[in-house]
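Participant: Sequence and predicted structure below; questions after.
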Amino acid sequence: MHGVARRPGRPKLGRNFGLLWSGSVISLVGTVNTTVAVPLVALMLTGSAFDAGLAGFAGTLPRLVMHIPAGFIADRVDRRKVLAFAQLGRSAVAVSVGFALLSGNCTIQWLIAGVVLEGSFAAFFEIAEMSIVSQVVRRDDLDEASARNEGRNFVATLSGRPLGGALSALGGGFPFFASAGASLVSASLFLRLGRRDPLVPLQLRDRIIGFRRQALVGFEVLRQDPLLSRTAVICALTNFLFQVVTLDMIVMARQDEVSPALVGVLLAASGVGGLLGASFAPRLLARLEPGKAVNACVVAWCVALWIFALAHHPVGWLIAWAAVGFTGSQMSVLRGSHQATVVRPEWMGLVGGFNQFLTQGAVLPLAHLFGGGAIETFGPTTIAVISAVVVSALWVLLRCRGWHTLLRSDKRLHKPGQAPLCPESSNVSMGECPRSGSALSRRSSLERVPS
């Protein structure tokens, strides 16, 4: 691979990646649309900020227990079928909640049950979608694919949040009908993957080895890699805070009698920033050492949260969320491209599932549960200040621990003595290579492939 020259300009990632990207962005638009709608609907049903947080908590709770099993399944089953099945399930759930709201029979309990089911299907979709990327693009193009996928996420945020606010203003059931339609369209696109251009096949793995032993592989890969482990800690904390701050801003907007449509526009600012950030990420990250890139992200988050805390005005919220989105895309591309290049494709589901569990599944439910109660107890302004103080303390920790000094040439990045590699050409099972290195590819350091 070191002898292969890269193609000039942005590479063409092929028809399969186009289908995957299109189906994913359509699905994400529907998801973001209902994410905005759920707390608004909960507030409409009960008028309680705690219930709004509880509804959000219910939607993220399945990820707490589903991400790792979803990764286990994604490494053993045709990932196209997992994607399609998950989308069909999400569509059915959205239709049921939509009709309940439209008929006036929906209760907070019905809404919570719906978001729990939707979150369960979403966990399988997220891991399968993340895992199949290495089967639809060349390894040399994984960095570009990671950047485009991050841009896709913010395209969905940019369009889905205003859509969710506008549809909620029309009636609580409309966002859910839109989500159901998006899931059906995306499922049809996923079923077309590999029909014209075959997917990259996965190496066969020993299916006798149990779930517990294989789950340890995912944990070890994250623990032993300095970049993945450090950014997992940072992302777990910041993802928690950003979920709380999102609910905080919705409550502030409601107190100031800001319309639901304008709330959607304000939240979409992170999509604008993230889309721009994803466009520039490959070039910006190529010029920075990993440690400096991580440091810059945390500094930018500190500034954004202080703006949000001190400028109690929609313009300040707009600026803060745009900065959060721009910076978040840099961190996501950095983590995603590194993970895609050090983890072998046949283990991507399990490693990705463990990564999602640590950075999202284990923290987002707590954020939704804690956020509503904390806002009601201390008030939205106090919570905004506390969030800014916590991220400032995180930056101090990063500097004191020397995390900002990590270099691409760092010898600790999966040294052969720490994480022995299994030959890529061999058909190796966990029983033959039980250490975490069995899940690592030959490109197992941050050294970039020469141009």
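Facilitator: Perfect, I can see it now.
Participant: contacts and neighbour counts: CA atoms only from here.
Facilitator: Will do.
Participant: so where's the stretch 101-250 of the chain shaky on pLDDT?
Facilitator: 196-211, 213-215 (pLDDT under 70).
Participant: can you do 50?
Facilitator: Within the stretch 101-250 of the chain, the segments meeting pLDDT under 50 span 204, 206, 208.
Participant: Okay, helices next: where are they in it?
Facilitator: Along the stretch 101-250 of the chain, the segments classed as helices by DSSP state H, counting those that start in this stretch run 108-136, 142-170, 174-190, 211-224, 226-255.
Participant: Output those as TSV; include the columns distance to residue 54.
Facilitator: Shown next, in TSV, are these (distance: least, C-alpha to C-alpha, whole Å):
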stretch	distance to residue 54
helix 108-136	8
helix 142-170	19
helix 174-190	18
helix 211-224	29
helix 226-255	11
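Participant: Output those helices as CSV; include the columns mean neighbour count and distance to residue 30.
Facilitator: Below are those laid out as CSV (neighbours: other C-alpha atoms under 10 Å; distance: least, C-alpha to C-alpha, whole Å):
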stretch, mean neighbour count, distance to residue 30
helix 108-136, 23, 12
helix 142-170, 24, 7
helix 174-190, 24, 4
helix 211-224, 18, 30
helix 226-255, 20, 18
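Participant: right, and those - which one's nearest residue 337?
Facilitator: The minimum distance between residue 337 and those falls on helix 142-170, with 5.0 Å, by C-alpha to C-alpha.
Participant: Would you mind saying which of the helices of the stretch 101-250 of the chain lies nearest residue 283?
Facilitator: Closest to residue 283 of these, according to C-alpha to C-alpha: helix 142-170, at 10.4 Å.
Participant: what angle do that closest one and helix 174-190 make?
Facilitator: Between the axes of helix 142-170 and helix 174-190, defined by axes from the mean of the first three to the mean of the last three C-alpha atoms, to 10 degrees, the angle is 150 degrees.
Participant: Beyond the biggest helix by length in the chain, next helix or strand please.
Facilitator: Longest helix in the chain by number of residues (criterion: DSSP state H): helix 14-46. Toward the C-terminus, helix 14-46 is succeeded by helix 49-74 as the next helix or strand (DSSP states H and E).
Participant: Contacts only, for residue 112.
Facilitator: Residues near residue 112 by C-alpha atoms under 8 Å, 6 or more residues apart in numbering: 54-55, 58-59.
Participant: Neighbour-wise, give me the winner out of the residues you listed.
Facilitator: residue 55 (30 neighbours; other C-alpha atoms under 10 Å).
Participant: Show the contacting residues for that residue.
Facilitator: Contacts of residue 55 by C-alpha under 8 Å, 6+ apart are 38-39, 42, 108, 111-112, 115, 368.
Participant: rewinding a little: for residue 272, find the nearest of the helices of the stretch 101-250 of the chain.
Facilitator: Residue 272 sits nearest to helix 142-170 of all the helices of the stretch 101-250 of the chain, at 6.1 Å, using C-alpha to C-alpha.
Participant: quick one: the closest one to helix 14-46, angle?
Facilitator: Between helix 142-170 and helix 14-46, the angle comes out at 30 degrees (the same axes, to 10 degrees).
Participant: Show me what helix 142-170 is packed up against.
Facilitator: Here helix 142-170 touches helix 14-46, helix 174-190, helix 260-287, helix 314-342, going by 3 or more C-alpha pairs under 8 Å, 6 or more residues apart in numbering; DSSP states H and E.
Participant: Residue 329 versus residue 13, what's the distance?
Facilitator: 20 Å (C-alpha to C-alpha, to the nearest Å).
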